[in-house]
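>>> Quick one: sequence plus predicted model below, questions after.
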Amino acid sequence: MFSDTHAHLTDEAFKGRIDEVVNAFRAAGVGLVINVGYDLKSSEESALIAQNYDEIYFTAGLHPTDGEPATSAYLSRIRSIATLPKCVGIGEIGLDYHYGGDREEQKKKFLAQLSLAEEARLPVSVHARDCTADMLEIMKDRAEKLPAVVLHCYSMGAEAAKLFVRYGCYFGFGGAITFKNNKQIYEVAKVVPTDRLLTETDCPYMAPVPHRGEVNEPKFVPLAAEKLAELYGTSTEKMSETLLFNAKKVFNIR
Ligand SMILES: [Zn+2]
């Protein structure tokens, strides 16, 4: 059974067709989907979607660039959404320096939500873009205090991966590892052990080969598992079992 640990089913792309998307991933052998909030609205909607489908769980959080600012009012809303049934984590939170903006403000927002996750004893789903040095520095201290840290859509390279492994982090891999120009993944795979691997789609974005340019969906997550199986020299079946085991462990799902 396959698992998608980072989906955005609240996106416009899925409006009015969640049933269809769920039926399609069930038919593709996907048995667990973590739907990830990125602002208040998507976190609340994710809670509702999770109520309707057995396989779907959710997380609540404020994305570094898309979510609301981390005022105490917004943080307390996230805290209360996180107490709803089937909330299994805080996210997506993190740092994104790609488009500039105020780095100190982003760090404050990220750290505040790491603290919230620590208090709630929930794992975090982390978005990291063009911020490797800061992310390493933060995780060096904070990762061990959290139930688990998932570096979603990991793209910080093999050298940083060695350190993130040491800090106890997990690595989410999706469509990007199937792209032909992704050479980095071969080096990363050499340093990340299989018990730290997770698969994800980040749908509706990042559709894997051979579906690039299409709307991504959880039904495509087996392609990431297949690629990981190839990289680690094992069968897709065995790899998908490991990936599901890891996902359930990280998000404390029985
Ligand atoms: Zn995301």
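In hand now; what should we look at?

>>> Flag every residue of the chain that's near the ion.
Residues of the chain lying close to the ion by C-beta under 5 Å from the ion are 92, 202. No exception for glycine: its C-beta is placed from N, CA and C like everyone else's.

>>> I'd guess residue 22 is in a strand, am I close?
No. Judged by DSSP: H, G, I helix; E, B strand; the rest coil, residue 22 forms no part of a strand; its state is helix.

>>> Share the number of residues neighbouring it, please.
Neighbours of residue 22 under the rule other C-beta atoms under 10 Å: 23.

>>> Downstream of the longest strand belonging to the chain, the next helix or strand is which one?
Using DSSP state E, we find that the single longest strand of the chain is strand 87-96. Remark: after strand 87-96, the chain's next helix or strand is helix 103-120, criterion DSSP states H and E.

>>> and that next one, how far from the chain's centre?
Helix 103-120 has its C-alpha centroid displaced from the chain centroid by 17 Å (C-alpha atoms, centre = their mean, to the nearest Å).

>>> Strand 87-96 and that helix, what's the angle between them?
Counting by axes from the mean of the first three to the mean of the last three C-alpha atoms, to 10 degrees, helix 103-120 lies at 160 degrees to strand 87-96.

>>> List the buried residues in helix 103-120.
106, 107, 109, 110, 112, 113, 114, 116, 117, 120 (16 or more other C-beta atoms under 10 Å).

>>> Ignoring the adjacent residues along the chain, who's closest to residue 121?
Closest residue in space to residue 121, ignoring its immediate chain neighbours: residue 147 at 5.7 Å, by C-beta to C-beta, 6 or more residues apart in numbering.

>>> Now tell me what touches the helix or strand of the chain with the lowest mean pLDDT from outside.
For the chain, counting by mean pLDDT, DSSP states H and E, helix 184-191 ranks last in confidence among helices and strands (a mean of 95). By C-beta atoms under 8 Å, 6 or more residues apart in numbering, the list of residues contacting helix 184-191 from outside reads 154-155, 157-158, 161-162, 165, 171, 173, 176-177, 227-228, 231-232.
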